[in-house]
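>>> Pasting the sequence and the predicted coordinates here, then a few questions.
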Amino acid sequence: MSLIPSSLFGGGRRTNVFDPFSLDIWDPFDGFFTSALANASGGGSARDTAQFVSTQIDWKENPEAHIFRADLPGLKKEEVKVEVEEGKILQISGERSREQEEKTDKWHRVERSSGKFLRRFRLPENAKVDEVKAAMENGVLTVTIPKVKEKQPEVKSIEISG
């Protein structure tokens, strides 16, 4: 009996019913998340799927607005789309094209990503979706969504008689 599953070291799936570490257990979620992401990203390859989920976005809130910042180096504003769906979901999407290859080129390393990306955020009730603004500067997309001003409770002083 092995204490370490052989699949960790490239041994593949095992079929020993007496081995408690055998990997022949059916997993209903096996491949579910990767296939769902591939379908949502247009059915691309595993590499495209990895890029699909890796777009980094910060979301902060201050007293006046919700502010989203996305690092999108090398993209032009025409390659990025910002939308509000159903009045409550912010969607940021786009696509980075692959560099044209010349027959005389010899690639040593390819680390820059290409492909589609899509991120969605459910906006809170206090977001003014009619006043969304987006700006792109130095590869950083900034989306600003103003907040509805909270009504301050009206306080009325009552004069005490007597």
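Cool, got the structure. Numbering: from 1, shown residues only.

>>> which outside residues touch stretch 127-141?
Stretch 127-141 is contacted from outside by 66, 68-77, 80, 82, 84, 87-88, 90, 92, 123, 142-148, using C-beta atoms under 8 Å, 6 or more residues apart in numbering. Where C-beta positions appear, they are placed from N, C-alpha and C, glycine not excepted.

>>> For PyMOL, what selects the buried ones among these?
The PyMOL selection below is limited to those of the contacts of stretch 127-141 classed as buried (16 or more other C-beta atoms under 10 Å):
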select buried, resi 66+68+70+72+75+80+82+84+90+92+123+143+145+146+147
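
>>> In strands, which of the contacts of stretch 127-141 appear?
66, 68-71, 80, 82, 84, 90, 92, 142-146 (DSSP state E).

>>> Just give me the closest of the residues you listed to I57.
Closest approach between the ones in strands among the contacts of stretch 127-141 and I57, by C-beta to C-beta: A70, at 4.5 Å.

>>> thinking again about what came up before, looking at the ones in strands among the contacts of stretch 127-141, which one is closest to E111?
Closest approach between these and E111, by C-beta to C-beta: D71, at 15.3 Å.

>>> residues contacting the closest one?
D71 touches 55-57, 139-140, counting by C-beta under 8 Å, 6+ apart.

>>> again, 7 Å this time
Counting by C-beta atoms under 7 Å, 6 or more residues apart in numbering, D71 makes contact with 56, 139-140.

>>> check which helix or strand covers A135.
Assigned by DSSP states H and E, A135 falls within strand 133-137.

>>> What are the boundaries of the strands in this protein?
57-61, 65-71, 80-85, 89-96, 115-122, 133-137, 140-146.

>>> CSV please, covering those and showing distance to K156 and mean pLDDT.
Below are the strands of the chain laid out as CSV (distance: least, C-beta to C-beta, whole Å; pLDDT from 0 to 100):
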stretch, distance to K156, mean pLDDT
strand 57-61, 31, 94
strand 65-71, 31, 95
strand 80-85, 38, 94
strand 89-96, 39, 91
strand 115-122, 38, 90
strand 133-137, 37, 96
strand 140-146, 29, 96
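
>>> which parts of the strand holding A135 are buried?
So, applying 16+ other C-beta under 10 Å, buried residues of strand 133-137: 134, 136.

>>> could we number from 6 for the rest of this?
With 6 as the first residue, the last one maps to strand 138-142.
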